[in-house]
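[1] Just a sequence and a predicted model for now, questions to come.
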Amino acid sequence: MHKTEHKISNKGNVLFVSFVRFVILLSALVFALAPVYWMLTISFKTEGDQFASPPLWFSFTPTLEHYYDAFVTRAFGEYLLTSAIVAVTSTVLALVIGTLAAYALARFELPFKLNRRLSLWILSTRMFPAIVTAVPLFLMMRDLQLLNTRAALIIVHTSFNLPFVVWMMRGFFADLPRDLEEAALVDGDSRLGALVRVVLPLVSPGLAATAVFCLIVSWNEFLFALVLTQTDAAMTLPVGIAGRVTQYEIKWGVMSAAASVAIVPILVFALALQKYLVRGLSMGAVKG
Amino acid sequence: MGIEFRNVTKTFGGACVVDDLSLEIRDGEFIVLLGPSGCGKTTTLRMLAGLESVTSGDIFIDGGPVNDVPTQHRDLAMVFQSYALYPHMTIAENIGYPLRVRKLDKADRAARVRRVAAMLEIESLLDRKPRQLSGGERQRVALARAIVREPRAYLMDEPLSNLDARLRVQMRGELKRLQHELGTTTIYVTHDQAEAMTLASRVAVMNKGRLQQFDTPLKIYNEPANRFVAEFVGSPSMNFIEREHVTEGIRPEHIQVLSTPEDGAIEARVYVTELMGNETFVFLSVGDNRLIAREPADFRADVDTKVWLRIATEKIHRFDPVTGESQKHIK
């Protein structure tokens, strides 16, 4: 008798807890997605509907004029291409260079405690605000005649992502048993061969997670893209979008349309790698 | 031909792990490096494999110095304690890895993998991944990966220590047979003296980085060079009695426990007996000393019974009480 009551109240408790959880998650979701939703609706609204009062949340006559304006009349297609080239190239470069560096730091014993010191130096490049390097980088790129080029952005984004890649990958490598590489060496493989054939496949979830982060950082990067590029030839999407805020008017529709398109590639990429992302982010967190 | 360590020393940050090791291994020998954990035996093996650098001294393989030869060019095969199977590859890919690295063509590779798999009776596992295998099966795969090519020597680092007792004895036999058939020089590291005694053509006993004795299992057992070897090899361990200017050692099987007094027999008291199934270990107190005697399974004696010991005096080992060196050679 007593036991049954206990069970029922237990069940009630469980229901209540999951209800509270649901409410909290829902609020978080609304909080996070409401601006995105508003942006999406603006991109499909006529300029009159955009500022209707009271606001039109759901019912309005959709239009594609802003998308046409952005990608056909204006150069947003080119910005999109620049963003893609810069993001992909700098991510690949950062992964290749950073992975090799991380492997060296994780596996080779350097003299003078350099393993630890180098790692800290590399990390320290992320300890100051990015704007500190804006002027020197601008001057360097000017002297190299790389202003208004994609190459400048690729170089800067790569250097910006490198510390992140090194630290992430170093952790993944350190967690991997040395036996496997040593076995590969004894089996006759070179260091690089062992890295490519044995080590990298085993840290691929971590590699994927790192790649997604690099891509997002580069894709969203605004400051250096603004400082180093002024012409359509090397303008990225974030800078292009912000450029529609002018002295006389703010092109909300065009900006929203371009921003909505900008979300898509990262979303697709993250969804495609979702399986790896979860494993990659928890790699090293749980031992054994 | 063979493998030689010449005055090899290895230090890790000031700590000497292997101390002036000299060892000559003949072609085709089965050498066991035996010693307690931390004695430097695994480091010795890893130096031979090129996975650790040599602090000083030289290592020769087939007469050529290999100190500066990287691991992948030493042409050795190694079985790791953890087996170190590549988790993302199938068993066939694991076994075929050394051949793939050597750029053997696919058909040739598959044929050799099959042949080795058949030899070790793991053909049915070839398409699986390592995590789907039992410990014993993984052991076989690690072995298969080592013997799929003909290296200059096999290095084995406690390859049986992760197996259960029954499997260990079985694999021990198979290893011995395999080495006999292949005739390839093998260097095998273990802390298990039973493995050392059964497998080795010669045993190198190590302690605290120093080679204690390098000889056949029988010599190691019957003529230990010092007290450490005498104590480490043999189960139960040798009995030691401290006397003036000498430490005497006698193995448990050389003490006979009598229920009646006899000329020259020493009086003792039974402390406890342990029936092992096929034999009985009798723990005895003689004055302040504790001795162990090995008796037949049907031996029975109550605790604290008075007994007499007949000791085979010709089997007594004598050691220097200070250095622990055997005095047999001196005499």
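    Looks like it arrived, so ask away.

[2] ok, residues contacting the longest helix along chain B?
    Counting by DSSP state H, the longest helix found in chain B is helix B:165-182. For helix B:165-182, the external contacting residues (CB atoms under 8 Å, 6 or more residues apart in numbering or on different chains) are B:30, B:119, B:135-136, B:139, B:143, B:147, B:154, B:156, B:159-161, B:163, B:186, B:195, B:198-199. Backbone N, C-alpha and C define where each C-beta goes, glycine included.

[3] Please pick the buried ones from those residues.
    Among the contacts of helix B:165-182, those scoring as buried are B:30, B:119, B:136, B:139, B:143, B:147, B:154, B:156, B:159-160, B:163, B:186, B:195, B:199 (criterion: 16 or more other CB atoms under 10 Å in any protein chain shown).

[4] Mind checking which of these are in strands?
    B:Phe30, B:Tyr154, B:Met156, B:Thr186 (DSSP state E).

[5] Just give me the closest of these to chain A.
    Checking those against chain A with CB to the nearest CB, the nearest one is B:Tyr154 at 10.4 Å.

[6] and the residue in the stretch 201-331 of chain B that chain A sits nearest to, what pLDDT?
    Closest residue of the stretch 201-331 of chain B to chain A, CB to the nearest CB: B:Gly209 (20.5 Å). In this model, B:Gly209 is scored at 94, pLDDT.

[7] what do you get for B:Ala301?
    B:Ala301 is given a pLDDT of 88.

[8] Over to A:Val264?
    Note for A:Val264: predicted pLDDT of 92.

[9] give me the number of residues near it?
    Per other CB atoms under 10 Å in any protein chain shown, the neighbour tally for A:Val264 reads 10.

[10] which ones are touching the residue most central in space within chain B?
    Geometric centre of chain B, nearest residue: B:Ala196, 3.3 Å, by CA atoms, centre = their mean. Neighbouring residues of B:Ala196 by CB under 8 Å, 6+ apart: B:Val32, B:Leu34, B:Thr190, B:Val203, B:Pro217, B:Val233.

[11] Could you export those as JSON lines, including distance to chain A and secondary structure?
    Shown next, in JSON lines, are those (distance: CB to the nearest CB, whole Å; DSSP: H, G, I helix; E, B strand; the rest coil):
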{"residue": "B:Val32", "distance to chain A": "19", "secondary structure": "strand"}
{"residue": "B:Leu34", "distance to chain A": "22", "secondary structure": "strand"}
{"residue": "B:Thr190", "distance to chain A": "18", "secondary structure": "strand"}
{"residue": "B:Val203", "distance to chain A": "24", "secondary structure": "strand"}
{"residue": "B:Pro217", "distance to chain A": "27", "secondary structure": "helix"}
{"residue": "B:Val233", "distance to chain A": "29", "secondary structure": "coil"}
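
[12] What remains of these if I keep only buried residues?
    Using 16+ other CB under 10 Å as the burial test, the contacts of B:Ala196 include B:Val32, B:Leu34, B:Thr190, B:Val203, B:Pro217, B:Val233 as buried.

[13] residue contacts, the first one?
    Going back to what we said before, that points to B:Val32. B:Val32 touches B:Ile187, B:Tyr188, B:Val189, B:Thr190, B:Glu195, B:Ala196, B:Leu199, B:Ala200, B:Arg202, B:Val203, B:Ala204, counting by CB under 8 Å, 6+ apart.
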